[in-house]
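Engineer: what's the 3D shape of this:
(one chain, ligands or ions: 2)
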Amino acid sequence: MDSVALFCTGALLAGGIYWFVCILGPAEQKGKRAVDLSGGSISAEKVQDNYKQYWSFFRRPKEIETAEKVPDFVDTFYNLVTDIYEWGWGQSFHFSPSIPGKSHRDATRLHEEMAVDLIDVKPGDRILDVGCGVGGPMRAIAAHSRAKVVGITINEYQVNRARMHNKKAGIDSLCEVVCGNFLEMPFPDNSFDGAYSIEATCHAPKLEEVYAEIFRVLKPGSLYVSYEWVTTDKYRAENPEHVETIQGIERGDALPGLRSYLDIAETARKVGFEVVKERDLAKPPAQPWWTRLKMGRIAYWRNHILVTVLAALGIAPKGTVDVHEMLFKTADYLTRGGETGIFTPMHMILCRKPDSPPSS
Ligand SMILES: C=C(CC[C@@H](C)[C@H]1CC[C@H]2C3=CC[C@H]4[C@H](C)[C@@H](O)CC[C@]4(C)[C@H]3CC[C@]12C)C(C)C
Ligand SMILES: C[S@@+](CC[C@H](N)C(=O)[O-])C[C@H]1O[C@@H](n2cnc3c(N)ncnc32)[C@H](O)[C@@H]1O
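Structural biologist: Ligands and ions are numbered 1, 2, ... in the order given. Below you'll find the predicted structure:
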């Protein structure tokens, strides 16, 4: 081969690798790149150990029932998955019904805007995002409502990512991010004009504890909406396939135990809320939320190859391959949950904190 042919082959190869790694990788135009995958706040050498530690929670079921340990376990999970989520899904870590003719990005945004429309806030109001991730919903909601959004997440790495994205999006004057536990929030009583949680309170070991905290920080008369992960009326505990699917979802998503849809309103009332509305947003006429997961299968294989190569080259932490494989399997369990109708990630509940009784 003469030197010109060698040069062209080399250039083509290098261009191909660059395209495969840097262009094809991110879920969003300006998303995470494969070469930047990390273990969140965990140092690269410790990612594999932390992954093993994550699984040990499930090998000792008693541990997972120890409510105090759950926030640490959830924090470890988000150190492991946050970059992969951003890279392969985007900045909003939740599902939404597909909308014919609309992109995933638009369908996601509309699902987020619906939440803030339900809680009826005015520009300038101060509202709470319970379990805010890297802030995809927060930015969409602040831009749509012009309310000031305060987000809380247990994961410090997400706090830094969310603050960076807020600044980059030029919306940091409306968005604040706090690192903390939503079971013990660092906010005074009666301090928010509204609150929402999107696919986050499913991580609480006891739903009652997080609902009670949200109730405490809301001003009397204000509204709270949540999109909850639950098993539906189609779930049968005596069906081994149902049990396997739900267990697969719990293990791949750091859940201390999925609740039944029946528990949600009951818990909300128990802590003092009035339940205004409750509805599974996944039910027809909504289009399936899991098609995006199914359609992504080819991309997941490509991602798997990419992660394996990057880990072998020492660019991505070693454990990233295991974490990616876990998510790969989780995607299948979630799809099965959606297709069988035994699971929904969008059981919507809208609650009001009653007005304070007039002082006599
Ligand atoms: C609300 C929660 C998270 C919901 C979703 C955002 C995530 C659930 C499963 C995740 C994924 C599965 C497959 C991954 C794929 C193998 C990889 O190549 C790219 C990223 C995935 C698509 C990843 C993206 C996020 C999810 C869809 C829970 C935790 C309560
Ligand atoms: C699936 S993500 C959803 C994030 C965000 N709502 C979104 O839709 O993009 C769940 C979020 O809940 C947060 N979370 C889970 N348990 C928590 C806890 N005890 N305290 C604070 N945040 C918690 C996680 O850190 C993560 O940010």
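Engineer: so residue 250 is in which element?
Structural biologist: helix 240-252 (DSSP states H and E).
Engineer: touching ligand 2 at all, that helix?
Structural biologist: No: figure legend: helix 240-252 not in contact with ligand 2 (CB under 6 Å from any ligand atom); closest approach 12.0 Å. C-beta coordinates here come from the backbone N, C-alpha and C atoms, glycine included.
Engineer: any idea how far that helix is from the middle of the chain?
Structural biologist: 18 Å (CA atoms, centre = their mean, to the nearest Å).
Engineer: try stretch 89-101
Structural biologist: 11 Å.
Engineer: before we move on, what about stretch 118-127?
Structural biologist: Worked out by CA atoms, centre = their mean, stretch 118-127 lies 22 Å from the chain centre.
Engineer: outside of that stretch itself, list whatever touches it.
Structural biologist: 116, 141, 145-150, 191-196, 222-225, 277, 348, 350 (CB atoms under 8 Å, 6 or more residues apart in numbering).
Engineer: ok so, going back, what about the helix holding residue 250, near ligand 1?
Structural biologist: No: judged by CB under 6 Å from any ligand atom, helix 240-252 makes no contact with ligand 1; its nearest approach is 6.8 Å.
Engineer: by contact count, what packs against that helix?
Structural biologist: Here helix 240-252 touches helix 320-340, strand 343-352, going by 3 or more CB pairs under 8 Å, 6 or more residues apart in numbering; DSSP states H and E.
Engineer: single out the most deeply packed of these.
Structural biologist: strand 343-352 (a mean of 23; mean count of other CB atoms under 10 Å).
Engineer: next, see if it gets close to ligand 2.
Structural biologist: No: on the criterion CB under 6 Å from any ligand atom, strand 343-352 is out of touch with ligand 2, staying 9.1 Å away.
Engineer: likewise for stretch 108-123?
Structural biologist: No: between stretch 108-123 and ligand 2, judged by CB under 6 Å from any ligand atom, nothing touches; the nearest distance is 7.7 Å.
Engineer: check which residues of the helix or strand that contains residue 266 are buried.
Structural biologist: Using DSSP H and E, residue 266 sits within helix 262-270. By 16 or more other CB atoms under 10 Å, the buried positions in helix 262-270 come out as 263-265, 267-268.
Engineer: check stretch 215-228 too.
Structural biologist: Under 16+ other CB under 10 Å, the buried positions of stretch 215-228 are 215-219, 222-228.
Engineer: hang on, the earlier thing: ok, residues contacting the helix holding residue 250?
Structural biologist: By CB under 8 Å, 6+ apart, helix 240-252 touches 58, 229, 231, 235-237, 255-258, 326-327, 329-330, 332-334, 336-337, 340, 342-343.
Engineer: angle of that helix against strand 343-352?
Structural biologist: 70 degrees (axes from the mean of the first three to the mean of the last three CA atoms, to 10 degrees).
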